[in-house]
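Participant: Return atomic coordinates for the entry below.
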Amino acid sequence: MFETIWQYIVSQAETVNILTWVLLFCVSIIYDIFYTKSIVHISRLDTGAAANLSVLLYFMMAYGTINYVKSVINLIPIALGAWVGTYGILKYEKMLKNKRRRERERLKREKI
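Facilitator: Model (predicted):
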């Protein structure tokens, strides 16, 4: 079975368009960043921002879907971009949270 899958991937590699892969990778990263932000806006009941992000997410999702329906091998940059996007935005949010915590602690020390 894996040999068959590998043969399929190798046969599809000839159809790879580097520009399409770069675009899919970037769109996937942006999609994950917007998706994470969308969840934050939804949890805050910020209807306008959540709705606007939802529209953008559908367009980006459609672009990715159209491209991997054309060629399954296009899932590779989409998957890699999804990983990078989610990892990156969560690292960034964690850094901001720690920065805010340190700032609050510094302000508390200054008041004392």
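
Participant: CA only for contacts and neighbour counts going forward, please
Facilitator: OK.

Participant: Quick one: low-confidence residue ranges for the protein.
Facilitator: In the predicted model, the chain carries pLDDT under 70 at residues 1-2, 112.

Participant: Next, the contact list for the residue most central in space within it, please.
Facilitator: The C-alpha lying nearest the average C-alpha coordinate of the chain belongs to Asp32 (CA atoms, centre = their mean; 2.2 Å). Counting by CA atoms under 8 Å, 6 or more residues apart in numbering, Asp32 touches Ala82, Gly85, Thr86, Ile89.

Participant: among those, who's most crowded?
Facilitator: For the contacts of Asp32, the largest number of neighbours (other CA atoms under 10 Å) sits with Gly85, at 24 neighbours.

Participant: buried ones in the longest helix seen in the chain?
Facilitator: When secondary structure is assigned using DSSP state H, the longest helix within the chain turns out to be helix 75-111. For helix 75-111, burial by neighbour count (16 or more other CA atoms under 10 Å) applies to Leu75, Pro77, Ile78, Gly81, Ala82, Val84, Gly85, Thr86, Ile89.

Participant: I'd assumed Ser71 was in contact with Ala13.
Facilitator: No. Under the criterion of CA atoms under 8 Å, Ala13 makes no contact with Ser71, lying 9.7 Å away.
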